[in-house]
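[1] everything below, folded, please.
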Amino acid sequence: MDFPIQELMDEDACYRLILRWLHPAGLACPRCLEDDRMAVHRRYRAPVLDYRCGHCGCVFNAFTGTCLRGNRRPMAQLVLILRGFAQGASTARLARELGCDRSELLGLRHRLQGHASANLPAEPLADAVVEADEAYRNAGEKRVGARRARRPAAAAGQQAAGPRHLG
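    Below you'll find the predicted structure:
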């Protein structure tokens, strides 16, 4: 997933980016799934708009019915959090960098990871049979042999020839 740095500076661009991730086919009513006859209901939190569906009267926004529902963060901060999660940054480091509560970020991370794992395919591999040598890149390579002693080892039950430093 790419995170264009220039777009992270603008709240409207960040909102459009999140909207594209959450609703790739376009925003639609979460109740009746119609995407026409939507009117702006409230504009109290720009750039996030609340819409009213002309079919069923449902009031919703881009986050309704998604794993980001109830989010009150600025859009640029939310994109930076998602960027940090995707890059594997620790929750504590993100909380320090953004000046927010670590436990709240941890809850968001767990909710996103739970949503992602619930949508994974049941069978991750397409093949019914996988050969073991396909999984190991260096399998079967010859390595440098172990160093051998210059004199033969004593047979079982026999004592060695004596101390080497006297001979």
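[2] when you work out contacts or count neighbours from here on, use the C-alpha atoms and nothing else.
    Will do.
[3] check the gap between the residue lying closest to L98 once chain neighbours are set aside and R42 for me.
    Nearest non-adjacent residue to L98, counting by CA to CA, 6 or more residues apart in numbering: Q77, 7.5 Å away. Q77 is 22 Å from R42, where distance means CA to CA, to the nearest Å.
[4] how about the secondary structure of the residue nearest to L98?
    Following DSSP: H, G, I helix; E, B strand; the rest coil, the label given to Q77 is helix.
[5] just C29 next, same as before
    Under three-state DSSP, C29 falls in the coil class.
[6] which residues sit in contact with it?
    35, 53, 58, 60 (CA atoms under 8 Å, 6 or more residues apart in numbering).
[7] now swap in R20 and tell me
    Neighbouring residues of R20 by CA under 8 Å, 6+ apart: G26.
[8] is it part of a helix or strand, or is it coil?
    helix.
[9] of the contacts of C29 - the most surrounded one?
    Of all those, C53 has the most neighbours under the rule other CA atoms under 10 Å, reaching 23 neighbours.
[10] grab the nearest non-local neighbour of that one.
    Excluding the flanking residues, the one nearest C53 by CA to CA, 6+ apart is M38, at 4.7 Å.
[11] other SSEs contacting the longest strand along the chain?
    The longest strand of the chain (DSSP state E) is strand 38-45. Counting contacts by 3 or more CA pairs under 8 Å, 6 or more residues apart in numbering; DSSP states H and E, strand 38-45 is packed against strand 48-53.
[12] send me the strand it packs on as PDB with only the CA atoms.
    Below are the C-alpha coordinates for strand 48-53, written out as PDB (Å, rounded to 0.1, in the frame of the first residue of the first chain):
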ATOM      1  CA  VAL A  48     -16.200  14.400   6.500                       C
ATOM      2  CA  LEU A  49     -19.800  14.900   5.500                       C
ATOM      3  CA  ASP A  50     -22.900  13.200   6.800                       C
ATOM      4  CA  TYR A  51     -25.400  12.100   4.100                       C
ATOM      5  CA  ARG A  52     -29.100  11.200   4.200                       C
ATOM      6  CA  CYS A  53     -30.300   8.500   1.900                       C
END
